[in-house]
Every structure is written in structure tokens, then in C-alpha cells.
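Q: Give me a model of this one.
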Amino acid sequence: MYAVVTGADSGIGKAVAVALAGGGVDVGITYNRDADGAEETAKLVRERGVRAAIRHLDLTDLPTSTGAIDALAEELGGLDVLVNCAGTGTSQLVMDMDYDTWRDVISVDLDGAFLCSQRAARHMIEAGKGGRIINITSVHEHAPRIGAAPYCAAKAGLGALTKVLALELAEHAITVNSVAPGEISTPMTGQEDIDPKSQPRPGVPLGRPGHAQEVAAVVAFLATPAAGYVTGASYVVDGGMLLMGPQASQLLHDDRWRTP
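A: Numbers count the residues shown, from 1 in each chain. You can find the predicted model right below:
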């Protein structure tokens, strides 16, 4: 099997690439700024006895840059699995945000995933063997957050796109699902190389952030034949965070939640 994981130079994308490699899948890796990180991921992939290929992918340069998906499919010899993991975000109130900031996040998190999925699906349809598209969204596919308007809009949009693609691609035996992480110990959350169990989170039922490998395990399952009858679903990996709305709201005694 052949997979492409976007944004695989660190964090969840890196963990996903390594998990897929552990299952015997050759992996195409994309990165934007961290070429060294991509090389490190490729090293870990190859240590598991499979091939790795690397391409630069800047999802602010659309649609041209998504040709990296075609290039990786050609180098690997096919494409069976696409994991859309590349993403970005903001921490700014709507009334303080300029349009360029809004568009940059939407471009990377939603437009980029749309174009990569489209290119990958063409390869899968042409090969006639089915396939898997797995979109890394966020708990904010399902619930809002102060200061993250474009991120929430993009992730909610990607969740809806996932369902539409699941309907449209089913006739080709291509399943499309999303995985929605909560707080995960990664560079994006400022917790690179930190043990999640050492970071108490009283407001999360499991009491800690997640590990990138815990997200990768769900992605790896969705890429297997065992998940062949699963499509259009969103798998939340958040330690129970989303369950806490009514509980947590009763325990807020000031307005600090209004500040990003």
C-alpha cells in the first residue's frame, strides 16, 4: 500500500506516517517549512522497512502546490491512502482580525484539504482498487473556541466536506472519514517532546492532553481493511473534552473565558 501524509514533518502528521509505516505502508511525506523534520520522519519510516518519499507543499500557494500529491503518487507507484494533516490556526478575536489572516487559515485548513483530496481521489479512481481519505480536523469541527474563528470555520467545513466526499466517492470503494483531536502534546500546542501524563488538565475527564500516537492509532485503523464499512464518520480523540460543556459551564465564575 501507498500513503501520503501532509504536514508529516512533526506532531500528529509525523506520528501518523510512522504508524502507517509500522503496518507495512510506503509513505509520502509533505512539509512546508521544516525540511529537517521531514527528513527525520522519513528516517523513522524507513527504519520500519518501507519506503519514504518527501515533497515540499505550501498550502498558501494554491492550486499549484498540490501537484506534490501527484508527484508522490508517481514516485511511490500509486496512492491508496491520503491523510490531510497539514494545518494552521490563529488566536485572535474576530473584530481584531484582518481578511488576509482569515483567508490564510481557510486556505491551508480547508482549500488545501479539498484540493489534495481531489488529486488523491483521481489516482484511486483510476487504479480501481478503492482507497481511504482521512481528514485530521479537530474538536473544533464540532465546537467553537474564542479567538479561533477561521480555524473553527475551516475544520467544521472540512467535517462537512468529509461527509460529501464519503457520499460521492463510495461508488469507487473510497471511504472518507475525519479524526477530530482535542489538545494533543505537539509543537502546535507548545508541548513538543512533553509527556502528556505530566500535564494535568482538570477540565478534561481523562485529566491530561493526548499523545500524537493516540491520534495516529485511530488513523491507522481507518486505513485498514477492517474499517472498510466505515465512511462519513468523525472520530473524536479528546479524552472526553467535548462531553464537558454543561459540567464546565457551571464551574466558571468569571469572564476570563472571553479572552483568547
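Q: Identify the residues contacting residue 239.
A: Going by Cβ atoms under 8 Å, 6 or more residues apart in numbering, residue 239 touches 182-183, 201, 204-210. From N, CA and C alone the C-beta is placed, and that goes for glycine too.
Q: Most neighbours among these, which one is it?
A: For the contacts of residue 239, counting by other Cβ atoms under 10 Å, the largest number of neighbours falls to residue 209: 26 neighbours.
Q: ok, and for stretch 232-242, which residues are buried?
A: 234-239, 241-242 (16 or more other Cβ atoms under 10 Å).
Q: so which pair among the residues you listed is furthest apart in space?
A: Taking every pair in the buried residues of stretch 232-242 and measuring Cβ to Cβ, the maximum separation is 16.0 Å, between 234 and 239.
Q: So which residues of the stretch 51-200 of the chain form strands?
A: Per DSSP state E, counting those that start in this stretch, the stretch 51-200 of the chain carries strands over the ranges 52-56, 81-84, 131-136, 174-181.
Q: re earlier: from the contacts of residue 239, pick the one nearest residue 25.
A: Nearest member of the contacts of residue 239 to residue 25, counting by Cβ to Cβ, is residue 210, at 22.6 Å.
Q: ok, the nearest residue to that closest one once chain neighbours are set aside - contacts?
A: Leaving aside its chain neighbours, residue 210 sits nearest to residue 184 (4.6 Å; criterion: Cβ to Cβ, 6 or more residues apart in numbering). By Cβ under 8 Å, 6+ apart, the contact set of residue 184 is 11-12, 196, 209-212, 214-215, 237.
Q: Equivalent analysis for residue 222, please.
A: Residue 222 sits next to 132, 134, 175, 177, 179, 230, 235 when contact means Cβ under 8 Å, 6+ apart.
Q: Are any of those buried, and if so which?
A: The neighbour-count test (16+ other Cβ under 10 Å) marks 132, 134, 175, 177, 179, 235 as buried among the contacts of residue 222.
Q: Adding distance to residue 31 and pLDDT, write those residues out as a markdown table.
A: Converted to a markdown table, the buried ones among the contacts of residue 222 look like this (distance: Cβ to Cβ, whole Å; pLDDT from 0 to 100):
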| residue | distance to residue 31 | pLDDT |
| --- | --- | --- |
| 132 | 22 | 98 |
| 134 | 19 | 98 |
| 175 | 26 | 98 |
| 177 | 24 | 98 |
| 179 | 20 | 98 |
| 235 | 25 | 98 |
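Q: any chance of these in JSON lines, plus distance to residue 46?
A: Listed next are the buried ones among the contacts of residue 222 as JSON lines, based on distance: Cβ to Cβ, whole Å:
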{"residue": "132", "distance to residue 46": "22"}
{"residue": "134", "distance to residue 46": "22"}
{"residue": "175", "distance to residue 46": "28"}
{"residue": "177", "distance to residue 46": "27"}
{"residue": "179", "distance to residue 46": "25"}
{"residue": "235", "distance to residue 46": "28"}
